[in-house]
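J.: coords please:
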Amino acid sequence: MKVLGIGNAIVDVLCKVNDEFLIQNSLTKSTMKLIDENEFKNLLSGLSIEDTISGGSVANSIVGLSQLGNKVGFIGKVNEDELGQKYEDGLKKEKVSFLYKKKHEATPTGTCLILITPDSERTMCTFLGTAGKVSDKDVDTDQIKKAEITFLEGYLWDEGEPKKAFDKAILHSNKVAMSLSDLFCVERHKAQFLELVKNKLDIIFANEQEILSLIESKYFKDAINFFKQLKKNIVITRGEKGSIAIFQEKVYECKAKKNLYIKDLTGAGDLFAAGYLHGILNNLNINDCLEKGTDLSSQIIQKIGARI
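T.: Numbers count the residues shown, from 1 in each chain. From the prediction side, this is the model:
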């Protein structure tokens with residue numbers, strides 16, 4: 001197996017809203033907020049659903065890798081309910097090995113309400129449900145050892161039990177990649193994330209906001225200098241400013257594609273990671289890895305949803 005992803009197994013519910021809706025519901029644009037089941041139902045009431053698909057940050061990346069021809073698998077917890085079956089079927093349709101055996105759980109399958117504003121930004125309200133209950137018992141060490149890369153997501157750190165799954169996966173991995181996932185995730189778990197970045201991860205994905213928050217600086221040049229010293233593979237997306245990778249004290253840059261008809265930014269970072277990891281797996285140079293990530297993210301933002 002090329003890549004094994006471990007993340008929140010979430011069914012995405014996509015809806016278009018205006019900025020006033022975010023203000024009325026005290027939501028911060030372009031971030032993720034954890035909510036309970038009742039909040040989810042209240043927010044959804046009255047909204048028109050654009051699409052419903054199996055999602056989750058790392059799962060989106062894993063599907064992208066599969067679409068590029070890589071053999072991949074995913075571990076994420078769902079309930080043995082209608083949405084759980086829909087989630088599993090969605091992954092199998094994309095030729096992803098779903099390495100979790102569903103069983104009846106006390107909480108339903110997790111859902112994420114993705115609110116898309118007219119500027120194509122997405123604001124996420126996530127009811128984790130059983131997705132946030134991934135434990136070390138759900139991590140198959142034999143499958144981890146077989147994978148060239150284990151890919152983890154920062155979102156998993158929003159509940160206590162999944163941290164044990166993190167530790168177990170890292171311990172048995174050949175190489176570990178991780179997405180910092182979200183600015184609020186970084187701010188909540190800054191010390192732990194910094195420890196992971198410094199000592200346990202091989203490849204790190206983040207956007208500019210997340211990386212500046214992590215090192216507590218306002219200046220991007222500080223981030224470059226900081227990560228040069230670590231000698232890790234750090235990949236930072238910067239929106240219209242393109243992307244950079246810092247690897248073995250060298251900085252590589254890639255320009256963003258222009259003249260795109262942007263419909264929805266959901267999954268842009270997830271698909272960028274898929275393209276970049278595809279390059280790593282196929283021994284492309286760093287510049288070409290960035291180009292592949294840029295290509296996939298450019299495709300996904302020109303459609304609704306996080307699947308090409």
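J.: does residue 227 sit in a helix or strand, and which one?
T.: Assigned by DSSP states H and E, residue 227 belongs to helix 220-230.
J.: For that helix, give the mean pLDDT please.
T.: For helix 220-230, mean pLDDT rounds to 94.
J.: cool, and stretch 299-308?
T.: 78.
J.: and if you look at stretch 276-293?
T.: Averaged across stretch 276-293, pLDDT comes to 98.
J.: List the buried residues in that stretch.
T.: By neighbour count, with 16 or more other Cβ atoms under 10 Å as the criterion, the buried positions of stretch 276-293 are 276-281, 284, 286, 288-293. Bear in mind the C-beta positions are built from the backbone N, C-alpha and C, glycine included.
J.: Next: stretch 233-252.
T.: 233, 234, 235, 236, 237, 238, 243, 244, 245, 246, 247, 252.
J.: Ok, stretch 37-55 next?
T.: Within stretch 37-55, the residues scored as buried using 16+ other Cβ under 10 Å are 40, 43, 53, 54, 55.
J.: Among these, which ones are in helices?
T.: Among those, the subset assigned to helices under DSSP state H consists of 40, 43.
J.: ok so, going back, and for the helix holding residue 227, what's in contact with it?
T.: Applying Cβ atoms under 8 Å, 6 or more residues apart in numbering, the contact partners of helix 220-230 are 197-198, 208, 211-212, 215, 217, 234, 236, 244, 246, 249, 251.
J.: Among the residues you listed, which one lies nearest to residue 176?
T.: residue 197 (10.8 Å; Cβ to Cβ).
J.: Return the residues in contact with the closest one.
T.: 204, 214, 230, 232.
J.: distance between the helix or strand harbouring it and the chain's centre?
T.: Using DSSP H and E, residue 197 sits within helix 190-199. Distance of helix 190-199 from its chain centroid, counting by Cα atoms, centre = their mean, to the nearest Å, is 18 Å.
J.: Just the buried positions in that helix, please.
T.: Within helix 190-199, the residues that count as buried by 16+ other Cβ under 10 Å are 193, 196, 197.
J.: tally of neighbours for the nearest residue to residue 198 once chain neighbours are set aside?
T.: Nearest residue to residue 198, sequence neighbours excluded (Cβ to Cβ, 6 or more residues apart in numbering): residue 230, at 6.4 Å. Neighbourhood size, residue 230 [other Cβ atoms under 10 Å]: 15.
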